[in-house]
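1. Give me the fold of what follows.
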Amino acid sequence: MWVILWTDALLYLLVGVALLGVWQVRRSPHLLDNWRRVVRNPLGMVAAVVLGVYVIIGLADSIHVRAAADGQVVSLLDLLLTPLRESTETSYSAPFATHGFTKVSVTHDDGTVSRAYPRLAHGGAHLERPEERGRDILVRALKALGIAALVWLALAATAAGRVAHRRAPGWRAAVGIMAGGRDVLPWRALLATLGVLLALLFLAVELAPRYHVLGTDKVGQDVFYQTLKSIRTGLVIGTLTTLVMLPFAIGLGVAAGYFGGLVDDVIQYVYTTLNSIPGVLLIAAAILTVQIYLANHADALGTLEDRADLRLLALCIILGITSWTGLCRLLRAETLKLREVEYVQAALGFGVSHTGIITRHVVPNLMHIVLITVALDFSGLVLAEAVLSYVNIGVDPTTNSWGNMINSSRLEMAREPVVWWNLAAAFVFMFTMVLAANVFADAVRDAFDPRRS
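-> From the prediction side, this is the model:
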């Protein structure tokens, strides 16, 4: 049975809006020219490919079904990662380990009891002797890299064939165009990124079902599985918050700049008042209020998954309501300038309504600011979730997120020996996503900034 959570529906609504935007860009020559500048940027395209991988994983984790056996709600990603989801140990284990991380009491055949590191139930269970682990990992890694190389060569040959069909008479000329960077797409950067991603993919497919490649946490859950599941939370926070923020920012910013007078004074008063309140305190107060409501109405909110999803949606709404003021100020200032240009004054002289002027002349000329700001704010919102979850006012504790992983790592870093892999995994995945978002935002800003045209 299909299960549609609120965040699932809104996330795919955003995908539909993005596809509609692509269709609109293809019909607008000036927008198409700007996006061609983004495509020509090697770093921007590398970041776009990395973000695309994150988006694919997040969307796969947003297709939910209810299992017929136990009625549990699982996602398509859960079904793909079933070996990782079900390979639960008793407690901590290090990456690629075959034994537990802490000693336990072991009873031997002769009745004696000693302290020893227990053999893992799943990690390296296919090995007859744990001493074979290094050789087994090496052989499987070489096999995965070989398959990745073959797939990469096939994809590179396909790309060269398309370039040859479009621009060059033969394969050698097409390869020269791609290697020399003379095509629209930066093929060298794209193929290098594709090679790295394919290598990581096939290494994970070959090793993750047989070893805990990033170790396990306190309750024995696979950290690699948790890290992949946390991608959806980061995407939901970064995208749905934007969906909440944009109507406030665009509507109030344009109204303040276009109409001026009392309307401008009231809107300025509202966002100045919001800015005067410390953001963390305002968000914390709102989230704690939502938590109390959810706790008092737990029976009316359905299953545990529904309650966790509502809390995630509430966090997106709160972050959106408290983060629209900066974009609103920028749009107000730009609208003040646009309302004085000649074509707007001419439209007023011909009797065009204010609604027609705003929708036809003002808002389209503000979209570059909106796009740049949204791209820049995405990484900040992902980091905001991690910070809020770290102080226990973020997403539900049952929701996989990088913030919850970092929060649970506080006591682990005080252990001796240190359990470092939980924090490291969350940090690396979050850092990669935020870095890719910032690099892509820089490419978009350079392409859409009128001063750089």
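2. next one: phi and psi at S93?
-> Main-chain dihedrals, S93, degrees, to the nearest 10: phi -150, psi 140.
3. By residue count, which helix of the chain is the longest?
-> Looking across the chain with DSSP state H, the single longest helix is helix 223-259.
4. how far does it sit from the chain's center?
-> Centroid displacement of helix 223-259 relative to its chain, using Cα atoms, centre = their mean, to the nearest Å, is 11 Å.
5. Outside of whichever helix or strand comes after that helix itself, list whatever touches it.
-> The first helix or strand that comes after helix 223-259 along the chain, using DSSP states H and E, is helix 261-276. For helix 261-276, the external contacting residues (Cβ atoms under 8 Å, 6 or more residues apart in numbering) are 252-253, 255-257, 282, 322, 324-325, 328-329, 332. Where you see a C-beta, it was placed from the backbone N, CA and C, and this is true even at glycine.
6. any weak-confidence spans in the stretch 301-450 of the chain?
-> For the stretch 301-450 of the chain, the stretches with pLDDT under 70 are 301-302, 449-450.
7. so which helix or strand takes in the residue lying farthest from the centre of the chain?
-> Most distant from the centre of the chain: D110, at 54.0 Å, with distances by Cα atoms, centre = their mean. Here D110 is covered by no helix or strand, with elements defined by DSSP H and E.
8. What separation is there between it and A116?
-> Remark: distance between D110 and A116 (Cβ to Cβ, to the nearest Å) = 14 Å.
9. H99 now?
-> For H99, the distance to A116 under the criterion Cβ to Cβ works out to 8 Å.
10. For those two, indicate the residue with more neighbours.
-> Comparing H99 with A116 by other Cβ atoms under 10 Å, the one with more neighbours is H99, at 16 against 13.
11. just to confirm, which helix or strand has L423 in it?
-> Following DSSP H and E, the helix or strand that holds L423 is helix 421-448.
12. Pull the number of nearby residues for N296.
-> Tallying neighbours of N296 according to other Cβ under 10 Å, which is how burial is gauged here, yields 9.
13. What pLDDT does the model give it?
-> For N296, the model assigns a pLDDT of 78.
14. Please apply the same query to A168.
-> A168 carries a pLDDT score of 61 in this model.
15. before we move on, back to that, who touches both of H99 and A116?
-> Both H99 and A116 lack any common contact, where contact means Cβ under 8 Å, 6+ apart.
16. For the helix holding L423, name the packing helices and strands.
-> Packing contacts for helix 421-448, counted by 3 or more Cβ pairs under 8 Å, 6 or more residues apart in numbering; DSSP states H and E, involve helix 29-40, helix 42-60, helix 223-259, helix 367-390, helix 402-412.
17. who wins for proximity to R135 among the ones you listed?
-> helix 223-259 (22.0 Å; Cβ to Cβ).
18. quick check: angle from that closest one to helix 402-412?
-> Taking axes from the mean of the first three to the mean of the last three Cα atoms, to 10 degrees, helix 223-259 and helix 402-412 form an angle of 130 degrees between their directions.
19. Could you list the domains of the chain?
-> The chain breaks down by automatic domain parsing into domains covering 11-19+222-452, 127-209.
20. would TSV of those with distance to L79 be doable?
-> Conversion of the domains of the chain to TSV gives the following (distance: least, Cβ to Cβ, whole Å):
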stretch	distance to L79
domain 11-19+222-452	12
domain 127-209	14
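21. okay, those, which one's buried deepest?
-> Among these, domain 11-19+222-452 has the highest mean neighbour count (mean count of other Cβ atoms under 10 Å), at a mean of 18.
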